[in-house]
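Q: this is a predicted model, with the sequence first.
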Amino acid sequence: MNRHSGEPAIHLEPDYCGECYGAPAPATASKAGCCNTCAEVREAYAEKSWSFGRGENVEQCEREHYGEHLDEQRREGCRIEGGIRVNKVVGNFHFAPGKSFSNGNMHVHDLENYYNGGDGITHTFTHTVHNLRFGPELPDSAVKKIGKKGINWTNHHLNPLDETEQKIDEKAYNFMYFVKVVPTAYLPLGWESKGSLLDIPHELVELGMYGQGEAGSIETHQYSVTSHKRSLGGGDDSSEGHKERLHAKGGIPGVFFSYVSSCIRSCCKIMTDFFSRTSRP
């Protein structure tokens, strides 16, 4: 159980079965039919497509000081780093606030706590994309052999979105990046007579390493990108000199990456920062 430092641990009775406050217990509950933790109450609400705030008057959340933990983190931004496997399909991945759930055929997020940031605190999706790549990078040794002029077809250590920074003061704002991924191969002399990681089942290859052959060959990808941003309140881009560019209302605040890939079993690697902004009087 989560608790504040210095407080004694709370031991629940063996037959304890927490209330789910009007929602059915989630299938993932540690005890069937019960919501014994704040997370399980939140999960139960998400499955009903109900929003969930600070957990006031929810016994499990008050016991775990859920609201206090939220307040402690409200002035924080975050840094995200990781990798995901993507197949030869059109797809997207995104960063958005709140717990996600499905409502009919729609993918939505609970934005209650995001919009209610607290006194003097405004969360936005100001962000910096430090690095986004599909597949492994070319090693420095390969770049030295070929020379910078010989690799105009790639963005070695400088993929199009690397160090991209976007700033906004508005909470309800959406950024979209449309990425087109193209396979690119680096094949050193004699590569065809040597073994390759491509001969190994992909599930046995460490994430981010697929395409790196034992002979130094690299199956990687380059990409091109276009971007779009809009206020979820709708309107036009007259402030940027484009009155004719109209935006629809609605949507989820966040940063979305939509990709079209002609690659198989590519690995997408991303590292990005998101920031919270503290309002100043």
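A: Yep, it's here.
Q: quick check: next helix or strand after the host helix or strand of Glu40?
A: Using DSSP states H and E, Glu40 sits within helix 38-47. Toward the C-terminus, helix 38-47 is succeeded by helix 59-63 as the next helix or strand (DSSP H and E).
Q: output the contacting helices and strands for that following helix.
A: When contacts are defined as 3 or more Cβ pairs under 8 Å, 6 or more residues apart in numbering; DSSP states H and E, helix 59-63 sits against helix 38-47. Any C-beta I mention is one placed from the backbone N, CA and C, and that applies to glycine too.
Q: torsion angles phi and psi at the closest residue to Thr184 other than its chain neighbours?
A: Leaving aside its sequence neighbours, Thr184 sits nearest to Gln222 (Cβ to Cβ, 6 or more residues apart in numbering; 5.0 Å). When read as degrees, to the nearest 10, the backbone of Gln222 gives phi -120, psi 170.
Q: in the sheet, who's paired with Gln222?
A: Gln222 forms beta bridges with Val182, as assigned by DSSP bridges.
Q: helices or strands next to the helix or strand where Asn131 lies in the packing?
A: Assigned by DSSP H and E, Asn131 belongs to strand 121-134. Using 3+ Cβ pairs under 8 Å, 6+ apart as the contact test, the elements touching strand 121-134 are strand 164-166, strand 173-186, strand 218-231, strand 254-261, strand 266-278.
Q: what lines up beside the fourth one in the sheet?
A: Taking DSSP bridges as the criterion, strand 254-261 sits next to strand 90-95 (antiparallel), strand 173-186 (parallel) in its sheet.
Q: now those in TSV, with mean pLDDT, distance to Gly234 and mean neighbour count?
A: Formatted as TSV, these follow (pLDDT from 0 to 100; distance: least, Cβ to Cβ, whole Å; neighbours: other Cβ atoms under 10 Å):
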stretch	mean pLDDT	distance to Gly234	mean neighbour count
strand 90-95	88	20	14
strand 173-186	86	11	18
